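*Asks:* Next one to model:
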Amino acid sequence: MLRLCLSAVLVAVGCNAGTFTVENDKFMKDGEAFQIMSGSFHYSRIPAAGWDDRLKRLAAMGLNTIQTYVPWNWHEDTEGTFDFEGDRDLSHFLSLCKQNNLSVLLRAGPYMCGEWEFGGLPWWLLKNSTLDIRTYSPFYISAVEKYLTKLHSVVKPHLYENGGSILMVQIENEYGSYGDVTKNPNDLKYMNYLVNITKQNLGNTIQLYTTDGGNAGFMSRGSLKGDVVLSFGDHGPGDFGPSCKAQATMNPAGKNPCMDTEYYTGWLTHWGEHMANTSSKNVANGLDTALKSGYSFNLYMGFGGTNWGWFAGANGGGQQYMPHITSYDYDSPVSENGDHGFGSDNIDKYEAILAVTSKYYKGTIPPEPPAIKRMAYGKVTLSQQASLLSAGSLDVLTKWNGGIRSQPGAVPVEMEYYNQSFGSIMYRCTAAASGNTLSLQGYPKDRAIVFINGKRVGDFYRPTFKGNITLSESVKVGDTIDILIEAMGRLNYGRGMTDRKGIPYAMSINSNPITTTGWKVFNLRLSSSDLNGLSYSPVAGTALSPTVFKGTLNIASTVTSCYIETTSFTKGSIWINGNNIGRYWNTKGPQLSIYIHESMLQTGENSIMILEYDSNSGSDVTFTNTPRWGTH
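*Replies:* This next block holds a predicted model:
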């Protein structure tokens, strides 16, 4: 019986339907044994203009499959409005995978982790004060259903059985590190719900799987025993044996192909740490042993990329807080800029993996694309500045949300309740007490700067705050107190992920209530359009309070990717031609430069905008062709 194409999109994908099954503990693709040699590549971490290049590099490393997360918050930043266009065009990404002869393992969520803001969940869920995520709760499930229904309609034409590239779809992610289907009925109901809606929308023949830590405890808590899903573990580099034995307690006999769905080629990095760097030899040797045994793998990461804009998440829980750097290079075999990555043993990680995969690859490995050229455009002086917190600036920056808001009571409210997604929020009050000790019945989320009558007098940071700080000047009754909060990324892992931003706690000055008249609230989303609307003047000396700097990079020659170094600055964010390329924190490191993909630049004038929260020693930035790392 002839199979009909499902839609116009499917026609574009192609009607060469295939089969993908599991038999005799092996993956079977079109009736032949298929050893999955995969690498993780998150399409949200590089502009669409770079997708094909990075896919070709991974294919040339001897991989036959790509694993990718689908970040819910990348596609539904505003509730009910879905964006699958441009840099968010998942359908195009999946088509490119097929064009490069790469199958796909789709990690469809709704939760992803991945060191990504809020684990991929959209910020607007947090507007619900009784939110209960990642379990079967009515509000959460209603939002999940709308999202997955849309997502499934996008990816269905790309299933392998429909002529596309997707072999398997993952349900949730590492759920055994969060929930427990063996003890909590709503957790079990949640996982079964995700299975059922996926099969309802994608068909009963789609192969589903889960990923959990590589032991029976994680898998039993986070997966579903039997053949409704394949249960896999993540671990390594190292022995696949323990994880495979754990899988066997979950998967039926004959349906247990041993696979490591996150074989770590490197590791993540937080601000203030040394840049992750792991042994290439260990990675390659572990792969060789696994492939020789007939096992399958997914490299986490194959290509890492960048946490653009506000999308770097954080680890921790409660006051413990470890935000991720902007780079997601991950010490991957394909580095952030497309070059080969090198391990801690100074061995080319890309070549070390290729030497292994080439022994097991069926067919001819395609050639690697030529090395990517990058220009060092040199030094640029930012010549214009605007105070972030002047009265005029605050009028401009709060206009998007109806202007300055009034909030009664002693306890401020977090930004999400004001319909604010990212950026900063400032709380202003008239002091009802005098003294120089500011106390807080909690901690800031995430970093706070205190001003008295416009003068900076102190700052405090979530993980290091001890309950109070001594201000550099005393407060007098009637003074204006401003507390500016910088949101630095929501938690992406663990039970404490409902991580709203602001200061939802009572405050005092020398043990007396800080205010008796409530608060003025300034919602500063800090979009490029808002910042461009400020009144700028020539740079004059060193700024001691949050300031926006502007300048222009002129490119007369070839446009290439590059890096920007902000040595003269301390802590803030950067926009290039309106694109928020991420955060810098030079006093913490280890990242001291930020990658700019060539698609963000143009011949001629390129606008540069830097928001500096702390202080600057000058106003120069430097465009280089190599990354710079510190030794923090």
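
*Asks:* I'd like to know how far the residue lying closest to Ala431 once chain neighbours are set aside sits from Ile166.
*Replies:* Spatial nearest neighbour of Ala431, chain neighbours left out: Asp479 (4.4 Å); criterion: C-beta to C-beta, 6 or more residues apart in numbering. C-beta: built from backbone N, CA, C; applies to glycine. Distance from Asp479 to Ile166, counting by C-beta to C-beta, to the nearest Å: 60 Å.

*Asks:* Of these two, give the one with the bigger neighbour count.
*Replies:* Ile166 (26 against 19; other C-beta atoms under 10 Å).

*Asks:* Would you map the helices across the protein?
*Replies:* With DSSP state H as the criterion, the chain has helices at 8-13, 51-59, 72-75, 90-99, 138-155, 185-202, 216-222, 241-248, 280-292, 349-357, 391-398, 528-532.

*Asks:* just checking, what packs against the shortest one?
*Replies:* The elements that helix 72-75 packs onto, with contact taken as 3 or more C-beta pairs under 8 Å, 6 or more residues apart in numbering; DSSP states H and E, are helix 138-155.

*Asks:* The helix it packs on vs helix 185-202, what angle?
*Replies:* 30 degrees (axes from the mean of the first three to the mean of the last three C-alpha atoms, to 10 degrees).

*Asks:* wait, what's in contact with Gly478?
*Replies:* Applying C-beta atoms under 8 Å, 6 or more residues apart in numbering to Gly478 gives the contacts 430-431.

*Asks:* What is the burial count for the nearest residue to Ser220 once chain neighbours are set aside?
*Replies:* Nearest non-adjacent residue to Ser220, counting by C-beta to C-beta, 6+ apart: Thr182, 5.9 Å away. Residues lying near Thr182 (other C-beta under 10 Å) number 12.

*Asks:* my read: Thr182 touches Arg221, true?
*Replies:* Yes - using C-beta atoms under 8 Å, Thr182 is in contact with Arg221, at 6.1 Å.

*Asks:* Centre of the chain to stretch 593-611, how far?
*Replies:* 21 Å (C-alpha atoms, centre = their mean, to the nearest Å).

*Asks:* Keeping just the C-alphas, turn it into CSV.
*Replies:* Extracted C-alpha coordinates of stretch 593-611, given in CSV (Å, rounded to 0.1, in the frame of the first residue of the first chain):
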residue,chain,number,x,y,z
SER,A,593,36.0,37.3,25.4
ILE,A,594,32.7,36.6,23.7
TYR,A,595,32.2,34.8,20.4
ILE,A,596,30.4,36.7,17.6
HIS,A,597,29.2,34.7,14.7
GLU,A,598,29.7,36.2,11.3
SER,A,599,26.0,36.4,10.6
MET,A,600,25.7,39.0,13.3
LEU,A,601,28.1,41.3,11.5
GLN,A,602,27.9,43.2,8.2
THR,A,603,30.1,45.2,5.9
GLY,A,604,30.2,48.8,6.9
GLU,A,605,29.0,50.1,10.3
ASN,A,606,28.2,47.7,13.1
SER,A,607,26.7,49.0,16.3
ILE,A,608,28.2,48.0,19.7
MET,A,609,26.4,48.5,22.9
ILE,A,610,27.6,47.5,26.4
LEU,A,611,25.7,47.7,29.6
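
*Asks:* Tell me what Gly502 is bridged to.
*Replies:* In this entry, Gly502 is beta-bridged to Lys445, by DSSP bridges.

*Asks:* actually His340, not the one I typed
*Replies:* With DSSP bridges as the rule, His340 is bridged to Val334.

*Asks:* how near is it to Ser280?
*Replies:* Note on His340: its distance to Ser280, by C-beta to C-beta, is 10 Å.

*Asks:* and if you look at Asn468?
*Replies:* As defined by C-beta to C-beta, Asn468 lies at a distance of 48 Å from Ser280.

*Asks:* The two - which one has more neighbours?
*Replies:* Taking other C-beta under 10 Å, Asn468 and Ser280 do not tie; Ser280 has more neighbours (27 against 16).

*Asks:* residues in contact with that one?
*Replies:* When contacts are counted by C-beta under 8 Å, 6+ apart, Ser280 touches 342-345, 347-349, 352-353.

*Asks:* now those as TSV including distance to Pro252 and neighbour count?
*Replies:* Shown next, in TSV, are those (distance: C-beta to C-beta, whole Å; neighbours: other C-beta atoms under 10 Å):
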residue	distance to Pro252	neighbour count
Phe342	42	18
Gly343	38	21
Ser344	40	15
Asp345	41	14
Ile347	40	16
Asp348	41	16
Lys349	36	29
Ala352	36	25
Ile353	32	26
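
*Asks:* which of these lies closest to Gly378?
*Replies:* Comparing these against Gly378 with C-beta to C-beta picks out Phe342 as the nearest, at 26.5 Å.

*Asks:* contacting residues around the closest one?
*Replies:* 280, 348-349.

*Asks:* Just give me the closest of the residues you listed to Ala540.
*Replies:* Set against Ala540, the nearest of the contacts of Phe342 by C-beta to C-beta is Lys349 (47.5 Å).

*Asks:* Would you mind measuring from the closest one to Pro242?
*Replies:* 25 Å.

*Asks:* what's the answer for Tyr263, then?
*Replies:* Counting by C-beta to C-beta, the gap from Tyr263 to Pro242 is 14 Å.

*Asks:* same check, this time on Ile564
*Replies:* 44 Å.

*Asks:* Name the residue in the two with the higher neighbour count.
*Replies:* Under the neighbour definition other C-beta under 10 Å, Ile564 and Pro242 were set side by side, and Ile564 has more, 21 against 14.

*Asks:* I'd like to know how far the more buried one sits from Gly551.
*Replies:* 11 Å.

*Asks:* now Gln420
*Replies:* 28 Å.

*Asks:* out of the two, which sits in the busier spot?
*Replies:* Shown here are Gln420 and Gly551; by other C-beta under 10 Å, Gln420 has more neighbours (22 against 19).

*Asks:* Could you pull up the residues touching the residue nearest to Ser220?
*Replies:* Going by C-beta under 8 Å, 6+ apart, Thr182 touches 188, 220-221.

*Asks:* do the same with His340
*Replies:* Counting by C-beta under 8 Å, 6+ apart, His340 has contacts 333-334, 348-351.

*Asks:* could you give the mean pLDDT of stretch 121-133?
*Replies:* On average, the pLDDT along stretch 121-133 is 98.

*Asks:* ends of it, how far apart?
*Replies:* Counting by C-alpha to C-alpha, to the nearest Å, you get 9 Å between the two ends of stretch 121-133.

*Asks:* likewise stretch 413-432?
*Replies:* 19 Å.
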